[in-house]
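**Student:** give me a 3D structure for the following:
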Amino acid sequence: VEELKREVDADPEASNRRIRAAKERAARERSERVQAAQAALAEIKRKRKQLDDKGGNGKKPKEPRASTTDPQARVMKMADAGFRPAYNVQVASAAGELIVVAIDVDNSGSDRGLMRPMLERTRARLKRLPRRYLADGGFCSGEDIEWAHGEGIEVYCPPPKSRSGVDPFLPRSNDGPGVAAWRARMASEAGKAQYQARTICECIHARWRNWDLRQLTVRGIAKVRAVVLWYALTNNILQGHRLVKA
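**Tutor:** Predicted coordinates for the structure are as follows:
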C-alpha cells in the first residue's frame, strides 16, 4: 500500500497506464484465443470431411464448434447428457494391482481407434506388450483388434450391439482372423469371466474423483496431461505402498 501511495504521488498516471496495459493484454489474449479457435474449427471441418468421404459414421452431422476459452479442447457429450468443452483422458493400468502404466490425453470425442496408440505407448514404457488387453466397448475397432492379434495380444472388449439385430458374436464374412478369434473369445464363458476383471480398473477413476478430479482448471493438452500425470503418480505411490504392506 505504501508503495502504491508513493507511486501515485510521484506519477499520478501510473495507475491508469497499468489499467490500460491490462485491458490491452486481455484484448490481445482474447484475439489470440479466437484465432486459435478458428484454426481448430477448420481442422474439425477437415476431419469431418474425411469421415464423410469414408461414408460417415451413421449419425446426423452437427454444426462443428470450437471453444474460444480453450481452442485445443473439443465440445463433447458429458455423462449428464450435456455438451461442454472437454478432453478425452485415457488410462492403461494393471487390472489386478491398479497401477497406472500409461496415460494419454486426446481431444477426440470417440474412443474408437485409440486402442492401438495406447498399446504402443504401453510398449514404449514397459518394453513389451501385454498378453491380454481388457478395453471398454467404445474402443472396439476391427483394425486395432487385427493389429493386436498380429502382435500376440488377446483383446477382451464387448462387441457393439448391431442395429439390425444380428448377434454381435456371430462371425462375419469380412472378419479377419483376429476379429474372428475376438468374437469367439467374447462369446465364451471363459472370455466373459476374464473380462470381469476390467471393472476393478474403474476404482482408479473413482479414486481420482474422490481426490476432486472432476473438472480441469487448466487449458491446453500439455497442461491437462501434466495434471493427469500427477494424479497417476500419486495413485501409484499410494497403491505401491498398499501392495508392499499386503
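**Student:** tell me the SS of Gln215?
**Tutor:** Three-state call for Gln215 (DSSP: H, G, I helix; E, B strand; the rest coil): coil.
**Student:** check the gap between it and Gly109 for me.
**Tutor:** From Gln215 across to Gly109, the span is 18 Å (Cβ to Cβ, to the nearest Å). (Glycine included, C-beta is placed from N, CA and C.)
**Student:** excluding residues flanking it in the chain, which one is nearest Cys140?
**Tutor:** In this structure, Cys140 finds its nearest non-sequential neighbour in Cys157, 5.1 Å apart by Cβ to Cβ, 6 or more residues apart in numbering.
**Student:** count of neighbours near Asp104?
**Tutor:** Neighbourhood size, Asp104 [other Cβ atoms under 10 Å]: 17.
**Student:** pLDDT of stretch 117-134, averaged?
**Tutor:** For stretch 117-134, the mean per-residue pLDDT is 93.
**Student:** how about the strands in this protein?
**Tutor:** In the chain, the strands defined using DSSP state E lie at 74-77, 83-86, 88-94, 99-106, 132-134, 154-156.
**Student:** strands paired with the third one, and their directions?
**Tutor:** As defined by DSSP bridges, the strand partners of strand 88-94 come to strand 99-106 (antiparallel).
**Student:** pull the CA atoms of the partner strand into CSV?
**Tutor:** Taking Å, rounded to 0.1, in the frame of the first residue of the first chain, the C-alpha atoms of strand 99-106 are listed here in CSV:
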residue,chain,number,x,y,z
ILE,A,99,-1.1,-49.5,-11.1
VAL,A,100,-1.3,-46.9,-13.9
VAL,A,101,1.2,-47.9,-16.6
ALA,A,102,0.4,-45.3,-19.3
ILE,A,103,-1.9,-42.3,-19.8
ASP,A,104,-2.8,-40.2,-22.8
VAL,A,105,-4.9,-37.1,-23.4
ASP,A,106,-6.8,-36.7,-26.7
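**Student:** mind listing what's buried in that strand?
**Tutor:** For strand 99-106, burial by neighbour count (16 or more other Cβ atoms under 10 Å) applies to 100-106.
**Student:** quick one: which two of those residues are the most distant?
**Tutor:** Pairwise distances among these were taken by Cβ to Cβ; the largest, 17.4 Å, belongs to Val101 and Asp106.
**Student:** ok, which of the strands of the chain comes nearest Val224?
**Tutor:** The minimum distance between Val224 and those falls on strand 99-106, with 5.1 Å, by Cβ to Cβ.
**Student:** can you tell me what sits against the closest one?
**Tutor:** Here strand 99-106 makes contact (Cβ atoms under 8 Å, 6 or more residues apart in numbering) with 87-94, 114, 117-118, 121-122, 125-126, 204, 221, 224-225, 228-229, 232, 235-236, 239-240.
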